[in-house]
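S.K.: Model the following, please.
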Amino acid sequence: MTDLQARLRSHFVASLAAKQATLDSALPALERAARLLAARLDAGHKVLACGNGGSAADAQHFAAELVGRYERERPELAAIALTTDSSQLTAIANDYGYEQVFAKAVRGLGRTGDLLLAISTSGNSASVVKAIEAAQSKGMTVIALTGKDGGTMARMLSGEDVELRAASEVTARVQEVHLLFLHCLCDAVDELLYPLGRA
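M.R.: Numbers count the residues shown, from 1 in each chain. Got it, this is the predicted structure:
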């Protein structure tokens, strides 16, 4: 094995370890989040998703899987990524500051009973924290994807809110676990709402 192969292998090993540690700690919360998500979508509510950088990409990925499909054909589900409207994002950032880019969208689009999927690898992203505050003011429930110690976001949650925390201190590992969380949620929604034969 070359030195570069050994380095590359170490990423696989670290990713597997982070996923195993997260499985051991987060499985009950993941089930709660999946059942909550399915119930709200089934009741006609929607999901608003937000995050920055790689977490923005995850928010968009998740919304696409719900509106389009994950692995089986089924009716469209209501999800909006708050990261995709460049005119809205830049106008809000310019006029109110970047911390408000998601919060104003949540206040404008969110309704009681809707869900906010809030993603931050550190749990401290100011724009995502503000989005959670806005969601809570609208009577929305939050599913927060975090890492490290959960950050500010973990301390903000209450009631039916659910934290899905990746068991890692490394941003790349947290992001890898977050993608697995999202795929698990998509699969669980399909299974709970549209078991094979119903869609």
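S.K.: from here on, contacts and neighbour counts on C-alpha atoms
M.R.: Noted.
S.K.: So which bits of stretch 71-86 are buried?
M.R.: When neighbours are counted by 16 or more other C-alpha atoms under 10 Å, the buried residues of stretch 71-86 are found to be Arg74, Leu77, Ala78, Ala79, Ile80, Ala81, Leu82, Thr83.
S.K.: ok, now stretch 34-44?
M.R.: Neighbour counts using 16+ other C-alpha under 10 Å place Ala34, Arg35, Leu36, Leu37, Ala38, Arg40, Leu41 of stretch 34-44 among the buried residues.
S.K.: Now do the same for the second one: its pLDDT.
M.R.: On pLDDT, Arg35 comes in at 98.
S.K.: Would you pull up how far the helix or strand where it lies lies from the middle of the chain?
M.R.: For Arg35, the host element (DSSP states H and E) is helix 3-42. Helix 3-42 sits 13 Å away from the centroid of its parent chain (C-alpha atoms, centre = their mean, to the nearest Å).
S.K.: for the chain, what spans make up the helices?
M.R.: Secondary structure of the chain, counting by DSSP state H: helices at 3-42, 54-67, 86-96, 101-109, 126-137, 151-156, 171-193.
S.K.: Which elements pack onto the longest one?
M.R.: Applying 3 or more C-alpha pairs under 8 Å, 6 or more residues apart in numbering; DSSP states H and E, one finds that helix 3-42 makes contact with strand 162-165, helix 171-193.
S.K.: Just the buried positions in that helix, please.
M.R.: Counting neighbours by 16+ other C-alpha under 10 Å, helix 3-42 gives 15, 18-19, 22-23, 26, 29-30, 32-38, 40-41 as buried.
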